[in-house]
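Enquirer: got a structure for you, letters missing:
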């Protein structure tokens, strides 16, 4: 029966494929075709289908249609990106590789670059996306061309640059939760050699969560809100032959309450351990956070890109760089719980103790690159890269806030300096017209210095040095690959890449750099006159010394970073698109992932010896977690969508429906039930009517109003004893008006 069932399924799939292929051929006969997308995944322009990298690309039109306004909304569509709020600060995971260390000494595992400018801080992942030309999600590692910390991959964002045509446009969205979102753009061709582009964006909505704690009888606070505003001015110029460039300046502010966390006291069992079953979460739209959290963010960034292509031999020299001044001020209800300070007979979280954090990182990127002519037996590029971040942190929890008896419960004051230098080169040997051998190498040198103090004034512990010192690491990463054009529309490739993330220092010691080696084989294909596309890749990663941040009561700061021994990761990624005549365009993305810790031992998650809930322990009482699934590594993710356009005499109606299924996600290496999100599905829909230079449409995301977690943890920082949770966006919907003139 199993053989008959398998034959039936195979036959059904085969018949469906034949029908799809026949419909695609009919679309080809009508002159329709899938769009060719230009990318810069290899730091030089090429098409997506000719770039031998597993990647997902989103054009400006798709970004607008899907209302992708930040990385969280991007991950609702992308099958390979996993988003984690991580207690208020965002992190990304790709291919099982991520970080849960968002402190001042952490580095991202999946960095985000905007016009080739990168920052270290997790807070920047909440930045707005507006007037964007293209988003490339490159699956990693990308350690040769892009360098530091891209062990999982990276998100490469390209903003729109000025053109030589006059353009003006704008949009207005009105939605539930009192959402009012607006964008504007003006492109001015001043003359033949100078063009200007101005873009602005404003996003506002009431909080998705209501604070049920109201001690003063005032109106309830709202959390998970948005109050963001940004503007960008870009100038492009070409004053003389062979020289061109652009410079821009952007400022963004964010206010409101920001992301909030639901804290639930630990459930203690008879043996003194805590329950690892998920507690009753109650109403995810309304819970108490016992304080008045806020965020105040100001981000000012200047970037530039200059190119000169008059060097003999067709060589182009480029210099690109920028400066970013980021001011982050954040307040949450203190996670610290001291029983002797609790209200008699009252809630363990009272009295209210705000935890106020300020970070002021100043970042600079500089890169000097030489690129050969795109023609010839050998094409190459190489360069020098410099990264520097100066960050100042002042954090404190306050006892008896707003009273004469106010005193810090605890206080951190740190200065952290991060510096990275690198040299790289990569070349392609065009062995035949249809085959290329690629090779590359990069050498990186990273230094981190931290100095500062930690104090517990409420217990009379004065400020003193805490984790001062310098940590240096260096690594040579490399790439080798082979590409073969089976036909002009069918590419086969195989490659091996390495990546590394620098180590660092912390209050209770240091942690080493982490390293990954990934082999990937894939194929990119177009058939039926560019109306059917299938891209697929398989990969295997050998991941060593993964940096894992773990809550513990054995360190004064409440957490330690540990290097896992080894992890093994393998999987398959594919995306399929087909243009069916008179029906529409269908797309399916699939990610199958197996990611487990091969060697990992961690102290008990609550840091208390004897309270472990571990199936296996070592001689030191640490939990042996070999075989556990890695955090943020769902085994299956499927995204699917269908788009149809009705062409009428008065205008075009475009309708799209899409969904994303995400398998079970663990937020903690222990794989406890209390820090797990079961599989879930999100559905989105978009409908628009376009006529001439204007359009009106409807958008809806998470249409079924699915409740799902994007963060879960057992928190013991500073003596706290609670389960912490934060949630993904609920159902949001609204109308959008667009206008564009040339």
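Expert: Happy to help now that I have it. Owing to the predicted nature of the structure, the values given are computational and were not obtained by experimental measurement.
Enquirer: Could you use CA atoms for every contact and neighbour count after this?
Expert: Noted.
Enquirer: what about stretch 85-99, start to end distance?
Expert: 12 Å (Cα to Cα, to the nearest Å).
Enquirer: That one - what's its average pLDDT?
Expert: The predicted model assigns stretch 85-99 a mean pLDDT of 83.
Enquirer: and residue 654, how many neighbours?
Expert: 18 (other Cα atoms under 10 Å).
Enquirer: Count the neighbours of the spatially closest residue to residue 52 that is not a sequence neighbour for me.
Expert: Spatially, and ignoring its direct neighbours in sequence, residue 52 is nearest to residue 493 (6.1 Å; Cα to Cα, 6 or more residues apart in numbering). Residues near residue 493, counting by other Cα under 10 Å, number 21.
Enquirer: quick check, residue 493 in a helix?
Expert: No - per DSSP: H, G, I helix; E, B strand; the rest coil, residue 493 lies outside any helix segment and is strand.
Enquirer: Return the distance of it relative to residue 735.
Expert: For residue 493, the distance to residue 735 - Cα to Cα - is 44 Å.
Enquirer: repeat for residue 409
Expert: Distance from residue 409 to residue 735, by Cα to Cα: 47 Å.
Enquirer: of those two, who's got more company?
Expert: Counted by other Cα under 10 Å, residue 409 and residue 735 do not tie: residue 409 has more neighbours, with 23 against 17.
Enquirer: Give me the below-cutoff pLDDT ranges for the stretch 551-700 of the chain.
Expert: Low-confidence regions of the stretch 551-700 of the chain, defined by pLDDT under 70, span residues 551-559, 604-613.
Enquirer: hmm, 50 instead?
Expert: 607, 609-611 (pLDDT under 50).
Enquirer: what are the ranges of the strands in it?
Expert: 559-563, 566-580, 584-599, 601-602, 623-624, 636-647, 652-662, 665-666, 676-677, 680-691, 694-701 (DSSP state E, counting those that start in this stretch).
Enquirer: These into TSV, with extra columns for distance to residue 366?
Expert: Formatted as TSV, the strands of the stretch 551-700 of the chain follow (distance: least, Cα to Cα, whole Å):
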stretch	distance to residue 366
strand 559-563	30
strand 566-580	33
strand 584-599	35
strand 601-602	39
strand 623-624	43
strand 636-647	37
strand 652-662	38
strand 665-666	37
strand 676-677	40
strand 680-691	40
strand 694-701	39
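Enquirer: how about these, which one is nearest residue 247?
Expert: Of all the strands of the stretch 551-700 of the chain, it is strand 694-701 that lies closest to residue 247, at 30.2 Å by Cα to Cα.
Enquirer: quick one: the helix or strand following the closest one to strand 559-563, angle?
Expert: The helix or strand immediately downstream of strand 694-701 is strand 709-715, counting by DSSP states H and E. Orientation check (axes from the mean of the first three to the mean of the last three Cα atoms, to 10 degrees): strand 709-715 against strand 559-563 gives 110 degrees.
Enquirer: what ranges do the helices span in the stretch 51-200 of the chain?
Expert: 60-65, 71-75 (DSSP state H, counting those that start in this stretch).
Enquirer: Out of those helices, which is the most enclosed?
Expert: For those, the largest average neighbour count (mean count of other Cα atoms under 10 Å) is found in helix 71-75, namely a mean of 19.
Enquirer: Give me the contacts around it.
Expert: For helix 71-75, the surrounding residues in contact (Cα atoms under 8 Å, 6 or more residues apart in numbering) are 67, 68, 81, 82, 83, 125, 126.
Enquirer: run the last query once more with 7 Å
Expert: With Cα atoms under 7 Å, 6 or more residues apart in numbering as the test, helix 71-75 has contacts from 68, 81, 82, 83, 125, 126.
Enquirer: which non-adjacent residue is nearest the fourth one?
Expert: The reference is to residue 83. residue 92 (5.0 Å).
Enquirer: quick one on the thing from earlier: to residue 307, which of the helices of the stretch 51-200 of the chain lies closest?
Expert: helix 60-65 (24.5 Å).
Enquirer: in terms of contact, does the residue nearest to residue 52 touch residue 524 like I think?
Expert: No - with contact defined as Cα atoms under 7 Å, residue 493 does not reach residue 524; the gap is 8.6 Å.
Enquirer: hey, which strand is longest across this structure?
Expert: strand 407-432 (DSSP state E).
Enquirer: how distant is it from the center of its chain?
Expert: Between the centre of strand 407-432 and the centre of its host chain there is 17 Å, according to Cα atoms, centre = their mean, to the nearest Å.
Enquirer: Tell me the buried residues in that strand?
Expert: For strand 407-432, the neighbour count (16 or more other Cα atoms under 10 Å) marks 407-430 as buried.
Enquirer: try stretch 572-592
Expert: 572-581, 584-592.
Enquirer: And that stretch, end to end?
Expert: Using Cα to Cα, the end-to-end distance of stretch 572-592 comes out at 5 Å.
Enquirer: Now do it: distance to the chain's middle.
Expert: 23 Å.
Enquirer: How about residues contacting it?
Expert: By Cα under 7 Å, 6+ apart, the list of residues contacting stretch 572-592 reads 23-24, 26-27, 34, 79-80, 531-539, 571, 593, 635-645.
Enquirer: Same check on stretch 695-703?
Expert: Contacts for stretch 695-703 (Cα under 7 Å, 6+ apart): 682-690, 730-739.
Enquirer: Got a quick ChimeraX command for the buried subset of these?
Expert: Applied in ChimeraX, the following selects the buried portion of the contacts of stretch 695-703 according to 16+ other Cα under 10 Å:
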select :682,683,684,685,686,687,688,689,690,730,731,732,733,734,735,736,737,738,739
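Enquirer: Need the residue closest to the centroid of this structure.
Expert: residue 92 (3.8 Å; Cα atoms, centre = their mean).
Enquirer: quick one: contacts for the nearest residue to residue 588 once chain neighbours are set aside?
Expert: Leaving aside its chain neighbours, residue 588 sits nearest to residue 640 (4.3 Å; criterion: Cα to Cα, 6+ apart). Contact analysis of residue 640 by Cα under 7 Å, 6+ apart lists 587, 588, 589, 658, 659, 660.
Enquirer: Could you do residue 634 as well?
Expert: 593, 662, 663, 664, 665.
Enquirer: Quick check: the gap between residue 452 and residue 411.
Expert: With Cα to Cα as the criterion, residue 452 and residue 411 are 10 Å apart.
Enquirer: do the same with residue 314
Expert: Counting by Cα to Cα - residue 314 and residue 411 are separated by 57 Å.
Enquirer: Residue 682 reaches residue 660, doesn't it?
Expert: Yes - contact criterion Cα under 7 Å: residue 682 and residue 660 qualify, at 5.3 Å.
Enquirer: For residue 272, give me phi and psi.
Expert: Backbone torsions for residue 272, taken as degrees, to the nearest 10, come to phi 90, psi -10.
Enquirer: again with residue 243
Expert: Per degrees, to the nearest 10, the backbone of residue 243 is at phi -120, psi 130.
Enquirer: for residue 50, same thing?
Expert: phi -110, psi 10.
Enquirer: That one: what's its closest spatial neighbour, skipping adjacent residues?
Expert: Per Cα to Cα, 6+ apart, closest to residue 50 is residue 491, 6.9 Å.
Enquirer: And residue 570, by the same measure?
Expert: Distance criterion Cα to Cα, 6+ apart; nearest residue to residue 570, sequence neighbours excluded, is residue 540 at 4.2 Å.
Enquirer: Tell me which residues of the helix or strand hosting that neighbour come out buried.
Expert: Taking DSSP H and E as the definition, one finds residue 540 inside strand 532-544. Neighbour-count burial for strand 532-544, counted by 16+ other Cα under 10 Å, picks out 532, 533, 534, 535, 536, 537, 538, 539, 540, 541, 543, 544.
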